[in-house]
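Q: Fold the following and give me the result.
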Amino acid sequence: MLRNMLAAARDYFAKTLTIYDLFAMTIVVMVLGHTVALFELDAWLRMPDRILVPVFMIGFGYNVGRPLDKKLLASAVIILLARWLFFRETLAPVAFFPMSILAGFVLVRLTLEKMMPFMLKGKAHFWGMNALLLALLQYSHEWGWEYGTLCYILAIAGWLCRNEHEVPEDVVRVKEYFFFGYVLFLIVNQGLFTFSPAQFCVYAAGSAGVFAVMYNLRTFVLNAVRRKRPKDRVARFVRFLGHNSIEVYVAHTLFFYAFHAWNLML
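A: Residues are numbered from 1 along each chain as shown. As a prediction, the model looks like this:
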């Protein structure tokens with residue numbers, strides 16, 4: 001009976017869930033998670049936020065073929081300038097790093113589409129570039145942007161998902177690369193957040209579900225194309241959040257910066 005219920009739920013979401021729904025859910029959970037961090041509440045409450053991070057990383061890689069979006073670039077710059085404005089008197093210069101993850105997305109947008117043909121020339125090219133990204137991971141996180149080159153690796157997973165028909169199986173299998181990204185995501189976040197054994201089990205199980213969903217991202221993108229413009233307020237609000245996730249990310253970051261700076265002045 002449980003198996004039938006799970007199958008029915010899977011079929012329902014496969015037919016109705018859209019990329020906008022995924023982004024909207026992720027942005028709401030992220031804001032709640034950052035609120036938990038701001039008020040130093042129980043670490044368990046941050047678990048959903050950390051589990052859902054790959055939605056943005058993989059989703060951005062899936063949609064990376066566009067030219068650099070001025071909105072994305074402006075958002076990354078605004079957050080960097082806001083950090084300087086609010087904390088220039090309280091933080092050492094090195095504390096301005098890592099930059100926001102949007103800076104990493106700018107790099108992905110500028111380079112990934114051009115780099116993938118080179119990477120797909122052969123296994124040595126593909127895994128050699130991944131080895132380089134791994135070697136730069138810690139350095140890029142400390143002196144670059146949040147999550148460093150991990151966000152680049154997961155963006156590659158998104159690109160492979162979208163262009164799976166162009167990916168030579170003798171170079172890489174998309175499903176196997178998703179598993180590679182999943183394991184790396186677990187290792188990196190365990191290093192960053194030092195989960196307890198119980199927390200790690202929940203985190204690993206939840207992340208497995210997220211990666212499984214994102215592997216089928218094409219389905220949710222097509223659902224968004226097929227779905228008619230929503231009429232009820234809740235559906236319109238969900239679509240608004242999903243479609244404007246970058247703006248929501250910037251707005252909530254500026255609010256938290258201002259709140260934190262105000263507390264430092266007290």
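
Q: Quick check, pLDDT for residue 18.
A: Listed pLDDT for residue 18 reads 89.

Q: Wait, it touches residue 219, no?
A: No: using CB atoms under 8 Å, residue 18 is not in contact with residue 219; the gap is 9.4 Å. (Glycine included, C-beta is placed from N, CA and C.)

Q: Which of those two has more residues huddled nearby?
A: Neighbours per residue, other CB atoms under 10 Å: of residue 18 and residue 219, the larger number sits with residue 18, 20 against 16.

Q: now the more buried one, nearest residue through space, not along the chain?
A: residue 224 (3.8 Å; CB to CB, 6 or more residues apart in numbering).

Q: any idea which element that neighbour lies in?
A: helix 217-226 (DSSP states H and E).

Q: And stretch 187-207, what's buried?
A: 188-189, 195, 199, 203-204, 207 (16 or more other CB atoms under 10 Å).

Q: An error on my part: the question was meant for stretch 21-34.
A: In stretch 21-34, counting by 16+ other CB under 10 Å, buried: 21-31, 33-34.

Q: same check, this time on stretch 42-55
A: Buried-residue list, stretch 42-55, by 16+ other CB under 10 Å: 46-55.

Q: and what of stretch 170-188?
A: 171-172, 174, 177-178, 180-182, 184-186, 188.

Q: of all the residues you listed, which comes closest to residue 100?
A: Residue 100 lies nearest to residue 188 out of the buried residues of stretch 170-188, by CB to CB, at 17.2 Å.

Q: right, and that closest one touches residue 137 too?
A: Yes: using CB under 8 Å, residue 188 is in contact with residue 137, at 7.0 Å.

Q: Spit out the residues that contact the two alike.
A: Common contacts of residue 188 and residue 137 (CB atoms under 8 Å, 6 or more residues apart in numbering): residue 150.

Q: C-alpha coordinates for stretch 257-266, PDB please?
A: Below are the C-alpha coordinates for stretch 257-266, written out as PDB (Å, rounded to 0.1, in the frame of the first residue of the first chain):
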ATOM      1  CA  TYR A 257      22.900  42.600   6.400                       C
ATOM      2  CA  ALA A 258      21.100  45.700   7.800                       C
ATOM      3  CA  PHE A 259      19.700  43.800  10.700                       C
ATOM      4  CA  HIS A 260      23.100  42.300  11.600                       C
ATOM      5  CA  ALA A 261      24.900  45.700  11.200                       C
ATOM      6  CA  TRP A 262      22.300  47.300  13.500                       C
ATOM      7  CA  ASN A 263      23.000  44.700  16.100                       C
ATOM      8  CA  LEU A 264      26.700  45.300  15.900                       C
ATOM      9  CA  MET A 265      26.200  49.000  16.600                       C
ATOM     10  CA  LEU A 266      24.200  48.400  19.800                       C
END
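
Q: Tell me how far that stretch lies from the chain's centre.
A: Chain-centre distance of stretch 257-266: 27 Å, with CA atoms, centre = their mean, to the nearest Å.

Q: And for stretch 213-228?
A: That offset, for stretch 213-228, works out to 17 Å (CA atoms, centre = their mean).

Q: residues making contact with the helix or strand containing residue 161?
A: Counting by DSSP H and E, the element that carries residue 161 is helix 150-162. Applying CB under 8 Å, 6+ apart, the contact partners of helix 150-162 are 54, 57-65, 101, 104-105, 107-108, 112-113, 116, 119, 130, 133-134, 137, 141, 145, 167, 172, 174, 177-178, 181, 184-185, 188, 214-215, 217-218.

Q: what packs against whichever helix or strand comes after that helix?
A: Note on helix 150-162: by DSSP H and E, the next helix or strand toward the C-terminus is helix 174-193. Applying 3 or more CB pairs under 8 Å, 6 or more residues apart in numbering; DSSP states H and E, we find helix 174-193 packed against helix 53-62, helix 150-162, helix 197-215.

Q: With residue 236 as the reference, name the closest of those helices.
A: helix 53-62 (20.9 Å).
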